[in-house]
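**Student:** sequence and predicted structure, then a few things I'm wondering about:
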Amino acid sequence: MLEPSHNDELPVIPGKRYFTIGEVSELCAVKPHVLRYWEQEFPNLKPVKRRGNRRYYQREDVILIRQIRSLLYDQGYTIGGARQRMSGEDDEVGNGDYQLMIRQMITELEEVLHVLNA
């Protein structure tokens with residue numbers, strides 16, 4: 001299976017409340033051990049932990065992971081640089097980030113519209 005290099009090639013996030021680490025791994029094209037590592041490196045990434053220390057990610061977490069993935073894999077940031085960017089210490093916001101988020105929102109809204117019209 002080819003791994004998408006850009007977030008706009010990733011699958012649409014389903015309209016669920018919680019996602020397992022395996023589901024997030026597929027939605028974000030990142031291995032589960034990488035997700036666990038990123039939890040240590042990015043303080044704002046905190047999935048809900050339930051029975052048996054199982055992680056459950058919410059939609060906001062999936063979007064955050066896709067942003068982290070884009071910074072690291074597509075834009076070439078280091079972990080430290082991406083952490084600074086995510087925490088707002090780096091005030092320079094790339095126009096491409098907004099375009100990516102808008103494209104993602106449009107795709108997801110089109111899917112909702114399709115479900116409503118069905």
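**Tutor:** Thanks, I have the structure now. Residues are numbered from 1 along each chain as shown.
**Student:** contact partners for Glu26?
**Tutor:** By Cβ atoms under 8 Å, 6 or more residues apart in numbering, Glu26 lies in contact with Pro11. All C-beta atoms are positioned from the backbone trio N, CA, C, and that covers glycine.
**Student:** please redo it, this time with the cut-off set to 6 Å
**Tutor:** Glu26 sits next to no residue when contact means Cβ atoms under 6 Å, 6 or more residues apart in numbering.
**Student:** next, it: phi, psi?
**Tutor:** Per-residue torsions, Glu26: phi -70, psi -40 (degrees, to the nearest 10).
**Student:** which pLDDT does the model give it?
**Tutor:** Looking at Glu26, its pLDDT reads 95.
**Student:** any idea how far it lies from Gly80?
**Tutor:** In this view, Glu26 and Gly80 are 27 Å apart by Cβ to Cβ, to the nearest Å.
**Student:** list the buried residues of stretch 56-75.
**Tutor:** For stretch 56-75, a neighbour-count test (16 or more other Cβ atoms under 10 Å) marks 56-57, 61-73 as buried.
**Student:** I meant stretch 13-24, not that one.
**Tutor:** Across stretch 13-24, burial judged by 16+ other Cβ under 10 Å covers Ile13, Phe19, Ile21, Glu23, Val24.
**Student:** next, give me the two most distant ones among those.
**Tutor:** Spatial extent of those (Cβ to Cβ) is set by the pair Ile13 and Ile21 at 14.9 Å.
**Student:** okay, now Tyr77: neighbour count?
**Tutor:** Neighbours of Tyr77 under the rule other Cβ atoms under 10 Å: 18.
**Student:** what residues are up against it?
**Tutor:** For Tyr77, counting by Cβ under 6 Å, 6+ apart, the contacting residues are Leu71.
**Student:** for Phe19, name its beta-bridge partners.
**Tutor:** Phe19 has these beta-bridge partners by DSSP bridges: Tyr57.
**Student:** sorry, back to before: just the buried residues of stretch 13-24: which are in helices?
**Tutor:** Residues of the buried residues of stretch 13-24 located in helices (DSSP state H): Ile21, Glu23, Val24.
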